[in-house]
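# coords please:
(chains A and B)
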Protein chains: 2
Amino acid sequence: MTAETDHSNANAGRTLISIDAMGGDQGPAAVVAGCSLSAKANPDIAFILHGDKAQLDPLVAKRRELADLCEVRHAPDVVTMDDKPSQVVRTGKDTSMWSAVESVRSGEASVAVSCGNTGALMAVSMIRLRKLPGVNRPAIAVLYPSSNPQGFNVMLDVGADIRADADDLMRFALMGNSYVRNGMNIARPRVGLLNVGTEEHKGRSELKVAYDLIRDQAPTAEYEFVGFVEGGDISGNRADVIVTDGFTGNVAIKTGEGTATLVGNRLREAFKYSPLSRLASLLAYTSLQRLKKKIDPRRVNGGVFLGLNGTVVKSHGSADATGVSSAIKLAAQLSQNRFNDKLAARVAAALPAEEKTE
Amino acid sequence: MTAETDHSNANAGRTLISIDAMGGDQGPAAVVAGCSLSAKANPDIAFILHGDKAQLDPLVAKRRELADLCEVRHAPDVVTMDDKPSQVVRTGKDTSMWSAVESVRSGEASVAVSCGNTGALMAVSMIRLRKLPGVNRPAIAVLYPSSNPQGFNVMLDVGADIRADADDLMRFALMGNSYVRNGMNIARPRVGLLNVGTEEHKGRSELKVAYDLIRDQAPTAEYEFVGFVEGGDISGNRADVIVTDGFTGNVAIKTGEGTATLVGNRLREAFKYSPLSRLASLLAYTSLQRLKKKIDPRRVNGGVFLGLNGTVVKSHGSADATGVSSAIKLAAQLSQNRFNDKLAARVAAALPAEEKTE
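Have a look, this model is predicted:
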């Protein structure tokens, strides 16, 4: 049913990761540098790099640690950030993105990573990998820095689709639960449903229906349903999985990122204000670096597309080598945990009887 | 049509502000302290304080600057944070909140301020003040710290209602525009419509309709429509007014507040890490205080209910004296600018011809 079977024989037992090397804001050099960082950190992975061979071969040749770990697969075209998803689906067969997803479809790689255009990547992934049985809408799940023990929550959907009905939200809860269990090794994740208040009578009608559906799945799917949560809980410690529709989730992560950037900029201005504050900022340098590292979005880089026959990790478009490497690390971990098979089983278990027999 | 006529003769030409002195988390002492701060800063205002006379009289008597500026109006009951709005509407006639709104309805005060339960305050305001002609849904507008010249954006709705159709969103644009013109003295505010992307083809169908409606009102209402904006623009410099439905707006502000708190906590942890970082934090003390002041939510405290026959300012439930005083300052400025009359005229001007003749 899924492409998570072990195809790593070709590369000495290693987990093969399919990489779209083009299409990120920083170009293929940053992607190859990210592969290089990952190869040094993890001896169990190897890569298929998709993109312009004339550009990629020299970049790979410069990295001794990538010798014998990288197969470069030529794809002449690139999906740009401005390309419309529908256009890419029609005419994008020669792009590095399409080629990267194709490697997961064929089963030669178990997971694909791309820094490219999110909408196009979702459209290509949908059309080539197809949805898992029982999934009506796939979702994009991201890690959001939080005050819970693991340091971040998983939120989904953050923009695969702008809609979600009660049934979709229940499946998001199941998929998010699988992701946290396999991506973070938490045995019994806490799942919360995003709303404008925590009282049961509040919010849109589909949320009240979803509340009951998610609560009813909790014992079988082995999560704890903490009920409705609010925007403040996305960075808090009430839940490990935040379930919402793609419109709300997308606005929420962008609002949070923007606010964190604003606070960071104001912090820098405050430290530049006077000679004394500039001295203080010198002395505080290591403290501030420590802070930056802790809330660095590059270290939790990687939105995961959930609900497809195969795993696709969307790295941030502006990701540098560190960001690409984080996305590869996540991809490798999910692949090695046979995450997508487990997710498929969870969703299938929640299917009504008549759908299961299809 | 509105209650903005000048009733200040009773107090020597002063702007009379109706204050719900009970119902905030910090009790009436914080509210009276806030009135005291405001009275010192602004010689043109006076107060009607609603609440338990036995508690309020001694608090007022202790503040010499409030002598002759405060009328205490006895209201025996208090709306708690847990009271349901529908219940307060039915049985809340003896509460300080009801009494505070009633002073605006009767016209003796031009604006009311309350730190109490938001849902109840909106319900009481709706039922006593009634909606302005042409307004289907009132909205709550808040100030959100941003990188634009004035240091914050106005966002609405943030939770008066969980829904908004295209027509409501257009009226939110008109109301937000009036608010920024009168509350911040910006002649031609930039108005943006919150969506998940800035391309015109993106987002929910009602947003595409709202896009056209808001664009068409721009020349008459004298704002600049900047089109769709994203979550990151709420704290950015693309717009002065962010228009959205109450569900999305509520999630966005709570997400932003939560994220700013998380960053602040992490900053404190980083500075506590080692003896050197603790020394740095001592030296950085004034810089950090400066930052805190700049992003202090107490200094931009006050959600304003827009679209009613009268102005109601909702101060944060946990507001201390500084927070209450900020809300009073905003209330006074809006009242002195005859804001609600201007807003009513703007909304009336956008009415279709057949509705205008009603």
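
# for chain A, which helix is longest?
Taking DSSP state H as the criterion, chain A has its longest helix at helix A:246-271.

# near chain B, anything from that one?
Yes - Helix A:246-271 is in contact with chain B by CB under 8 Å from any CB of the partner chain, via A:246-248, A:250-267, A:269-271. Where you see a C-beta, it was placed from the backbone N, CA and C, and this is true even at glycine.

# what is the mean pLDDT for whichever helix or strand comes after that helix?
Per DSSP states H and E, the first helix or strand lying C-terminal to helix A:246-271 is helix A:275-283. Helix A:275-283 carries an average pLDDT of 74.

# for stretch A:304-322, same thing?
Predicted confidence along stretch A:304-322 averages 90 (mean pLDDT).

# in the longest helix of chain A, which residues are buried?
A:246-264, A:266-267, A:270-271 (16 or more other CB atoms under 10 Å in any protein chain shown).

# swap in stretch A:308-325?
Judged by neighbour count (16+ other CB under 10 Å), stretch A:308-325 contains these buried residues: A:308-317, A:319-325.

# and if you look at stretch A:148-158?
Residues of stretch A:148-158 classed as buried by neighbour count (16+ other CB under 10 Å): A:148, A:152-158.

# which of those residues sit farthest apart?
Using CB to CB, these span at most 20.2 Å, a distance reached by A:148 and A:157.

# ok, residue A:253 touching residue A:156?
No - using CB atoms under 8 Å, residue A:253 is not in contact with residue A:156; the gap is 10.5 Å.

# overlap in contacts, those two.
Listed as contacting both residue A:253 and residue A:156 by CB atoms under 8 Å, 6 or more residues apart in numbering or on different chains are residue A:142.

# how about the strands in the stretch 1-150 of chain A?
With DSSP state E, counting those that start in this stretch as the criterion, the stretch 1-150 of chain A has strands at A:15-20, A:45-51, A:70-74, A:111-114, A:139-145.

# residue A:169: which of the ones you listed is closest?
Closest approach to residue A:169 among the strands of the stretch 1-150 of chain A (CB to CB): strand A:139-145, 9.7 Å.

# picking that back up, deepest in the core, which of the strands of the stretch 1-150 of chain A is it.
When the strands of the stretch 1-150 of chain A are scored by mean count of other CB atoms under 10 Å in any protein chain shown, the highest mean neighbour count falls to strand A:111-114 (a mean of 30).

# what does it rub up against?
So strand A:111-114 is contacted by A:17-20, A:23, A:97, A:100-101, A:103-104, A:121, A:125, A:302, A:310-315, A:324, A:327-328, A:331-332, A:334-335 (CB under 8 Å, 6+ apart).

# may I have the strands that pair with it, each with its orientation?
Using DSSP bridges, strand A:111-114 pairs in its sheet with strand A:15-20 (parallel), strand A:311-314 (parallel).

# close to chain B: what parts of the stretch 251-358 of chain A are there?
Contact residues (CB under 8 Å from any CB) of the stretch 251-358 of chain A with chain B: A:251-267, A:269-271, A:273-274, A:276-277, A:279-281, A:283-288, A:290-291, A:294-295.

# repeat that with 6 Å
A:251-252, A:254-260, A:262-263, A:266-267, A:270-271, A:277, A:280, A:283-284, A:287, A:290-291, A:294-295 (CB under 6 Å from any CB of the partner chain).

# which residues in the stretch 201-350 of chain A form strands?
Along the stretch 201-350 of chain A, the segments classed as strands by DSSP E, counting those that start in this stretch run A:224-229, A:241-243, A:303-306, A:311-314.

# let's have these in a markdown table, adding distance to residue B:42.
Listed next are the strands of the stretch 201-350 of chain A as a markdown table, based on distance: least, CB to CB, whole Å:
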| stretch | distance to residue B:42 |
| --- | --- |
| strand A:224-229 | 40 |
| strand A:241-243 | 43 |
| strand A:303-306 | 50 |
| strand A:311-314 | 52 |
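
# any idea which of those is most buried?
strand A:241-243 (a mean of 31).

# who's in contact with that strand?
Contacts of strand A:241-243 from elsewhere in the structure, counted by CB atoms under 6 Å, 6 or more residues apart in numbering or on different chains, are A:153-155, A:169, A:172-173, A:176, A:180, A:189, A:191-194, A:234.

# how about stretch A:19-31?
Residues from elsewhere that reach stretch A:19-31 (CB under 6 Å, 6+ apart): A:47, A:49-51, A:55-56, A:59, A:78-79, A:96-97, A:100, A:113-116, A:317-318, A:320-321, A:324.

# please narrow those to those residing in helices.
The helices, defined by DSSP H, take in A:55-56, A:59, A:96-97, A:100, A:321, A:324 from those.

# Throw together a ChimeraX command that grabs the buried residues out of these.
A single ChimeraX command selects the buried members of the ones in helices among the contacts of stretch A:19-31 (16+ other CB under 10 Å):
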select /A:55,56,59,96,97,100,321,324
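
# rounded mean pLDDT for stretch A:207-224, please.
The pLDDT scores in stretch A:207-224 average 95.

# stretch A:171-189 now?
Averaging pLDDT along stretch A:171-189 yields 92.

# repeat that for stretch A:256-269.
Rounded mean pLDDT across stretch A:256-269 is 84.

# for residue B:325, see how far away the residue of the stretch 101-250 of chain A found nearest chain B is.
The minimum distance from the stretch 101-250 of chain A to chain B, using CB to the nearest CB, falls at residue A:231 (2.8 Å). Separation of residue A:231 from residue B:325 (CB to CB, to the nearest Å) stands at 27 Å.

# cool, and residue A:223?
Distance from residue A:223 to residue B:325, by CB to CB: 46 Å.

# one more: residue A:133?
With CB to CB as the criterion, residue A:133 and residue B:325 are 60 Å apart.

# which ones are touching the residue nearest the centre of chain A?
By CA atoms, centre = their mean, the mean C-alpha position of chain A lies nearest to residue A:303, the distance being 1.8 Å. Neighbour list for residue A:303: A:140, A:142, A:314 [criterion: CB under 6 Å, 6+ apart].

# ok, residue A:307 touching residue A:138?
Yes - between residue A:307 and residue A:138 a contact is recorded at 3.6 Å, counting by CB atoms under 6 Å.

# more crowded one of these two?
Set residue A:307 next to residue A:138 and count neighbours by other CB atoms under 10 Å in any protein chain shown: residue A:307 wins out with 29 against 26.

# residue numbers of the stretch 1-150 of chain A in contact with chain B?
Counting by CB under 6 Å from any CB, the stretch 1-150 of chain A sits next to chain B at residue A:147.

# low-confidence ranges, the stretch 1-150 of chain A, go.
Across the stretch 1-150 of chain A, the ranges flagged by pLDDT under 70 are A:1-12.

# re the thing from before, partner residues bridging the residue nearest to the centre of chain A?
residue A:314.

# how close does it get to chain B?
Distance of residue A:303 to chain B, given as CB to the nearest CB, to the nearest Å: 14 Å.

# what separation do you get for that residue and residue A:121?
Between residue A:303 and residue A:121 the distance, using CB to CB, works out to 10 Å.

# report the set of residues contacting both of the two.
Joint contacts of residue A:303 and residue A:121 (CB under 6 Å, 6+ apart) are residue A:314.

# show me what contacts the residue nearest to residue A:224 when sequence neighbours are not counted?
Using CB to CB, 6 or more residues apart in numbering or on different chains and skipping the chain neighbours, the partner closest in space to residue A:224 is residue A:190 (4.8 Å). By CB under 6 Å, 6+ apart, the residues touching residue A:190 are A:224, A:226, A:239-240.

# can you rerun that using 8 Å?
Residue A:190 makes contact with A:223-226, A:238-241 under the criterion CB under 8 Å, 6+ apart.

# from those, pick the one nearest residue B:68.
residue A:238 (48.8 Å).

# from residue B:79, how far off is that closest one?
Computed as CB to CB, the residue A:238 to residue B:79 distance reads 26 Å.

# and if you look at residue A:50?
Using CB to CB, residue A:50 is found at 62 Å from residue B:79.

# perfect, I'm done here.
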